[in-house]
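Novice: Sequence first, predicted model second:
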Amino acid sequence: MAIGNLGKLITFQTSDKKILTFSNMKQSVSGRWKSHERIMRKPLSEFAGPELRSITFTIQLDAMLGVKPRKTLEKMEKAVEKGYVYPLILGGKKVGKHKWKITKMSEEWETIYNAGELVKAKLDLSLEEYL
């Protein structure tokens, strides 16, 4: 069953053949504020508009759960380095109003077998709203 997707890049799903999910999702929503100095008085605050939203989450890539860690990492690396943008869909609904760009990716190779076969890895993604 599909949980969601980041465009065509990656589909989060659970089935009897494949489990590919994420954890620790955090979304940051903030505003931009300017401060105008005044002599002998407190500064005036002015709302300058919304800041770009950001999201971070962790993806566990495990060959024992039907995922190809190295292939998935290579695909994600390409998306980051080419600057691709995608809609983020979770539970059939768009997250935010706009597409998302991957601003940072870090990977941790957890289990590697004898011939250098990557069996288990952890992937941390940072996304930012793309306008």
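Specialist: Right, received. Where do you want to start? This is a predicted model, so every value here is computed, not measured. Numbers count the residues shown, from 1 in each chain.
Novice: Next up, phi/psi of the closest residue to Gly31 other than its chain neighbours, please.
Specialist: Leaving aside its sequence neighbours, Gly31 sits nearest to Pro50 (CB to CB, 6 or more residues apart in numbering; 5.6 Å). C-beta coordinates here come from the backbone N, C-alpha and C atoms, glycine included. Dihedral pair for Pro50: phi -80, psi 150, per degrees, to the nearest 10.
Novice: pLDDT value on Pro50, please?
Specialist: We have a pLDDT of 96 for Pro50.
Novice: same check, this time on Thr111
Specialist: For Thr111, the pLDDT comes out at 94.
Novice: ok, then the element right after whichever strand or helix holds it?
Specialist: Using DSSP states H and E, Thr111 falls within strand 99-112. Downstream of strand 99-112, the first helix or strand assigned by DSSP H and E is strand 118-130.
Novice: contacts for that following strand?
Specialist: Residues from elsewhere that reach strand 118-130 (CB atoms under 8 Å, 6 or more residues apart in numbering): 6, 52-64, 69-70, 72-73, 76, 85, 88, 96, 98-113.
Novice: likewise stretch 10-23?
Specialist: Outside stretch 10-23, the residues that reach it (CB under 8 Å, 6+ apart) are 1-5, 57-62, 65-67, 72, 75-76, 90.
Novice: Can you pull the phi/psi pair for the residue located most distally from the centre of the chain?
Specialist: Relative to the centre of the chain, and counting by CA atoms, centre = their mean, the farthest-placed residue is Met40 at 45.6 Å. Reported as degrees, to the nearest 10, the phi and psi values for Met40 are phi 60, psi 20.
Novice: do Thr72 as well
Specialist: For Thr72, the backbone dihedrals (degrees, to the nearest 10) come out as phi -60, psi -40.
Novice: which residues touch it?
Specialist: 10, 61, 123 are the contacts of Thr72 under CB under 8 Å, 6+ apart.
Novice: Out of the residues you listed, who's the most crowded?
Specialist: Leu61 (25 neighbours; other CB atoms under 10 Å).
Novice: close enough to count as contact, that one and Val67?
Specialist: Yes - the pair Leu61 / Val67 is scored as a contact, 5.0 Å apart, by CB atoms under 8 Å.
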